[in-house]
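Enquirer: below are the sequence and a predicted model for it; my questions follow.
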Amino acid sequence: MHEGIAPEDYHRFIGEATLSDSYLKAPFYKPQGWPEGIYRVGPLARINVAEKMGTPRADAALAEFRQRFGRIAHSSFLYHYARLIEVMYALEAMQILLQQPDVLDTHVRAEAGSTRWRVSA
């Protein structure tokens with residue numbers, strides 16, 4: 001693998017295949033070629049690379065996920081399960097934040113007023 005690829009060199013390492021059964025492109029790692037170098041992005045990819053989620057229930061859900069499907073899960077059917085774990089994390093994190101008294105303090109809240117826009121020719 002190549003670490004720290006410069007943005008201008010992206011095209012040398014990442015290709016996109018066109019699939020006959022989808023409007024989406026399939027990204028792949030060029031040095032490995034198509035289809036061996038195919039990779040995924042999104043919730044399942046994030047779950048696969050995460051060490052932990054960072055909240056108790058989401059961490060427990062991730063541990064159960066790994067016990068059932070292994071350290072690296074490949075099935076497309078698991079995308080929704082991965083999304084569920086991410087949603088659990090988000091809800092727990094929001095609950096933690098909203099329990100902090102400073103979050104709703106009036107000294108940190110900004111009031112929006114009307115804005116006049118100028119259009120320049």
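Expert: Here it is on my side, so go on. Residues are numbered from 1 along each chain as shown.
Enquirer: mind listing what residue 52 touches?
Expert: Going by Cβ atoms under 8 Å, 6 or more residues apart in numbering, residue 52 touches 59, 62. All C-beta spots, glycine's among them, are computed from the backbone N, C-alpha and C.
Enquirer: er, residue 12 actually
Expert: Residue 12 makes contacts with residue 30, as judged by Cβ under 8 Å, 6+ apart.
Enquirer: host element of it?
Expert: Element membership for residue 12, per DSSP states H and E: helix 10-13.
Enquirer: what residues sit buried inside that helix?
Expert: Residues of helix 10-13 classed as buried: none (neighbour count, 16 or more other Cβ atoms under 10 Å).
Enquirer: partner strands of the helix or strand following that helix and their direction?
Expert: Of the helices and strands lying after helix 10-13 in sequence (DSSP H and E), the nearest is strand 14-18. Using DSSP bridges, the strands paired with strand 14-18 are strand 25-29 (antiparallel).
Enquirer: and the contacts of the strand it pairs with?
Expert: Residues contacting strand 25-29 (Cβ under 8 Å, 6+ apart): 1, 13-19, 34-39, 41.
Enquirer: and these, which is the shakiest by pLDDT?
Expert: Among these, residue 1 carries the weakest pLDDT, at 60.
Enquirer: what ranges does this protein have for its helices?
Expert: Ranges of helices in the chain, per DSSP state H, are 10-13, 43-49, 56-69, 79-98.
Enquirer: quick one: low-confidence parts of the protein?
Expert: For the chain, applying pLDDT under 70 flags the ranges 1-2, 109, 116-121.
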